[in-house]
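>>> please work out how this folds:
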Amino acid sequence: MSPVASETLGALASECWERVLEWNPLTATLVGDRRFDHRMPDISPEALALQVTDLAGLAERVRAVDPAPLTPEERVTRLQLLALARDGMDERTTGLETWNLDPMDGPQVALLSLPSWHTVRTPAEGEAYVARVRAMGPYLAQHLANLRRGHGADLTSPIDNVRKVEQQLLELLARPTGEWSLVAEPRDLPGLREALTEAVEHAVRPGFEKLLEFVRSTGLDCARPEDRPGLCALPGMWAIYDKTLRIHTSLPLTAQAIHDTGLAEVARIDREMRDLGARTLGAGDLAQVQARLRSDPALHFRTRGEVEAKATEALRRAEAAVPSWFGRLPRTPCVVRRIEEHEEKFSTIAYYRQPAADGSRPGTYYINTYAPDTRPRYEAEALAFHEAVPGHHTQIAFAQELENVPEFRKHTGPTAYVEGWALYTERLCDEMGLYSADLDRIGMLSFDAWRACRLVVDTGLHAFGWSRRRAIEFMLAHTALALNNIENEVDRYIAWPGQATAYKTGQLEIFRLRAAAQQRLGARFDIKRFHDGVLGSGAVSLETLGAIVEAL
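Have a look, this model is predicted:
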């Protein structure tokens, strides 16, 4: 071990994390660093270009650190710094911000979600929060300038996403400012609501009004038709899609290879679904199984309260079972919360939000209770296990609590690891005996098919010219998801190229590594040790994860 190499690497890791927080002040607040609560990110092209230059310099200095004298943990840090710099440069040169009107995570959704995790406990924090809301005005102006620049270069959004964003903005602007979540969330500090109302009226509302004006004129006028929703319909975007695949999978995979893996996985899971559906529902073929799952009211929830209650019940059962399968678990609790009204209509079925590292906010499993009669009972358990325990919460909260690793490794990592782990746990929970009945196992299979379909559909849309309708019909044929969920999912893949390929890629790699470890170790294989090893270094690239597991 070389003290000089270790110190140099440690300094680079600290510098990298500080840059991440400075560039992403919302992320800083999310993880519990309150120094940047008053700021919004700078998303101007000049700022992004400077960040790319800084990341390139960081990568050069990291490569200069000789890995030979480093400890195994320090070698992981070195590899992850290089990956973070590479992915950061790629993300900032995709140009997605110049055309992407996003109904899932655009500012009309993301900014209104801020109060659910930006806590205000003191007068100083209240002042910082008001300053951040005021800063949303310039942020929205930058967002609009980016869109104007992209649309001027013939980079446009597909029509369905543009229409959804238009509807979201119309509904938001029709509501009185006092009902906006930025103002209406409980604020006990004197004068805070008045200051927030003024900030929204003078900075945020005008910014959204200008964005709506752009959407209703340029956005709709230039929008791509439903049959050309993917990146391959835009000039010069083939290389951009390759970048997004590398960013999200952390592997040098081609679109064709991912597409082919997806088709093979879909065929395998279809066979499982036919067999289990015949035993459970008495259905003769896959189409009959899916028709029954989608149409039987008894298999769907009736009220929002039922959706939330089932999510909570499944989470608590999983929490009781995990000590038998994991040697180490996070101390931070996980809670269930409904997705908020302003985003639920076009949101995904659920998501997880990480806890604050300072303990001020627990991990949160957000469940979509909109239109409860479209929410299947049989999917509820797999969903809870994926988003909460032993899925996202177990992995993310555990990573935040790691000791003796740099801060950036506690809070960052590739999508393929994070989502691959969560998808792995859906099948793991069957081994753990957590599914209540065969009907709930059908939900597990439907979810697995859903993620396999993503490999086919994402690449189909962005590399092979699929239409939105073809993507929807493929998922209708191979999953039991409701039509409204499928439509939202496909629009998500369109707006977020490559991200959807990470889930199944990561899951398959974790299962491959587990099978190899079982073969290598034989009777000495310990599932607790395997899980602790996979989780013990934080979210790492799949290439790095392979080396970690081989050393167990």
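>>> going forward, measure contacts between C-alpha atoms and count neighbours the same way
Will do.
>>> can I take it that E543 is in a strand?
No: read with DSSP: H, G, I helix; E, B strand; the rest coil, E543 is helix and lies in no strand.
>>> ranges for the strands of the chain?
Secondary structure of the chain (DSSP state E): strands located at 334-338, 350-353, 363-367.
>>> let me know which of these is tucked in deepest.
Stretch with highest mean neighbour count among the strands of the chain: strand 363-367 (a mean of 24; mean count of other C-alpha atoms under 10 Å).
>>> the domain parsing of this structure - what is it?
Per the record, the chain has its domains at 3-232, 246-329+375-550, by automatic domain parsing.
>>> as CSV, the strands of the chain with mean pLDDT would be great.
Formatted as CSV, these follow (pLDDT from 0 to 100):
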stretch, mean pLDDT
strand 334-338, 96
strand 350-353, 92
strand 363-367, 96
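>>> using CSV, lay out these together with distance to V165.
Listed next are these as CSV, based on distance: least, C-alpha to C-alpha, whole Å:
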stretch, distance to V165
strand 334-338, 22
strand 350-353, 20
strand 363-367, 22
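>>> so which of those gets nearest R454?
Each of these has some distance to R454 by C-alpha to C-alpha; the shortest is strand 350-353, at 16.7 Å.
>>> the strands of the chain: which one's closest to F464?
strand 350-353 (28.9 Å).
>>> list the strands paired with the closest one, with their directions.
Its sheet considered, strand 350-353 pairs with strand 363-367 (antiparallel) by DSSP bridges.
>>> ok now the strand it pairs with, how far from the chain's centre?
13 Å (C-alpha atoms, centre = their mean, to the nearest Å).
>>> show residues contacting it.
Contacts with strand 363-367, where a contact means C-alpha atoms under 8 Å, 6 or more residues apart in numbering, come from 307-308, 311, 332-339, 349-356, 384, 387-388, 393, 397.
>>> most tightly surrounded among the domains of the chain?
Highest mean neighbour count among those (mean count of other C-alpha under 10 Å): domain 246-329+375-550, a mean of 20.
>>> quick check: buried residues in the least confident helix or strand in the chain by mean pLDDT?
Lowest mean confidence among the helices and strands of the chain (mean pLDDT, DSSP states H and E): helix 341-344, at a mean of 84. Using 16 or more other C-alpha atoms under 10 Å as the test for burial, helix 341-344 gives H342, E343, E344.
>>> now S537, what are its backbone angles?
Here the main-chain torsion angles of S537 (degrees, to the nearest 10) amount to phi -110, psi 10.
>>> you'd agree it is up against F398?
No: using C-alpha atoms under 8 Å, S537 is not in contact with F398, being 9.8 Å away.
>>> can you pull the contacts of V165?
V165 neighbours (C-alpha under 8 Å, 6+ apart): L101, D102, P103, Q108, V215.
>>> swap the cut-off to 10 Å and go again
When contacts are counted by C-alpha atoms under 10 Å, 6 or more residues apart in numbering, V165 touches 101-104, 106-109, 159, 171, 211-212, 215-216, 219, 346.
>>> kindly report the same for M136.
39-41, 107, 111, 142, 199-200, 203-205, 207-208.
>>> list just the nearest of these to I247.
Closest to I247, out of all of these and judged by C-alpha to C-alpha, is P41, at 20.8 Å.
>>> correct me, but that closest one touches A47?
Yes: between P41 and A47 there is a contact at 9.5 Å, judged by C-alpha atoms under 10 Å.
>>> which neighbours do those two share?
By C-alpha under 10 Å, 6+ apart, the residues touching both P41 and A47 are W23.
>>> just name the closest of the contacts of M136 to G191, please.
A199 (12.4 Å).
>>> count of neighbours near the nearest residue to T303 once chain neighbours are set aside?
Leaving out its chain neighbours, the residue that sits closest to T303 by C-alpha to C-alpha, 6 or more residues apart in numbering is P372, at 5.5 Å. The tally of other residues near P372 (other C-alpha atoms under 10 Å) stands at 17.
>>> how about P372, what does it touch?
P372 touches H300, F301, R302, T303, R304, G305, E306, V307, counting by C-alpha under 10 Å, 6+ apart.
>>> and the furthest pair within those?
Within the contacts of P372, H300 and G305 form the most distant pair, 12.8 Å apart (C-alpha to C-alpha).
>>> where in this protein is pLDDT low?
1-2, 185-187 (pLDDT under 70).
>>> looking at this structure, which helix is longest?
Criterion DSSP state H: the longest helix present in the chain is helix 123-152.
>>> got the contact list for the spatially closest residue to A480 that is not a sequence neighbour?
Once flanking residues are discounted, A480 sits nearest to Q290: 5.2 Å by C-alpha to C-alpha, 6+ apart. Taking C-alpha under 10 Å, 6+ apart, we find Q290 in contact with M273, R274, G277, A283, S446, L476, A477, H478, T479, A480, L481, A482.
>>> if I read this right, the third one contacts D440, doesn't it?
Translated: G277. No: counting by C-alpha under 10 Å, G277 does not reach D440; the two are 11.2 Å apart.
>>> now render the contacts of P372 as JSON lines, adding distance to I548.
Converted to JSON lines, the contacts of P372 look like this (distance: C-alpha to C-alpha, whole Å):
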{"residue": "H300", "distance to I548": "42"}
{"residue": "F301", "distance to I548": "43"}
{"residue": "R302", "distance to I548": "46"}
{"residue": "T303", "distance to I548": "45"}
{"residue": "R304", "distance to I548": "43"}
{"residue": "G305", "distance to I548": "43"}
{"residue": "E306", "distance to I548": "42"}
{"residue": "V307", "distance to I548": "39"}
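>>> list residues touching both of S537 and F398?
K410.
>>> other residues contacting stretch 302-315?
For stretch 302-315, the surrounding residues in contact (C-alpha under 10 Å, 6+ apart) are 300-301, 316, 334-338, 365-377, 380-390, 434-436.
>>> for stretch 134-153, list the C-alpha coordinates in CSV.
Extracted in CSV, the C-alpha atoms of stretch 134-153 (Å, rounded to 0.1, in the frame of the first residue of the first chain):
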residue,chain,number,x,y,z
ARG,A,134,-37.1,32.3,-6.5
ALA,A,135,-34.2,30.7,-8.3
MET,A,136,-36.7,28.4,-10.2
GLY,A,137,-37.5,31.4,-12.4
PRO,A,138,-34.0,31.7,-13.9
TYR,A,139,-33.8,27.9,-14.0
LEU,A,140,-37.0,27.7,-16.1
ALA,A,141,-35.6,30.4,-18.3
GLN,A,142,-32.5,28.2,-19.0
HIS,A,143,-34.8,25.2,-19.6
LEU,A,144,-36.8,27.2,-22.1
ALA,A,145,-33.6,28.5,-23.8
ASN,A,146,-32.3,25.0,-24.1
LEU,A,147,-35.5,23.8,-25.8
ARG,A,148,-35.5,26.8,-28.2
ARG,A,149,-32.0,25.9,-29.2
GLY,A,150,-32.7,22.3,-29.8
HIS,A,151,-36.0,22.9,-31.7
GLY,A,152,-34.1,25.4,-33.8
ALA,A,153,-31.8,22.5,-34.9
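>>> and that stretch, how far out from the chain middle?
23 Å.
>>> what sits against T93?
When contacts are counted by C-alpha under 10 Å, 6+ apart, T93 touches P45, L48, A49, V52, D87, I240, K243.
>>> what's the answer for F511, then?
F511 is in contact with G420, W421, Y424, R427, L428, A517, counting by C-alpha under 10 Å, 6+ apart.
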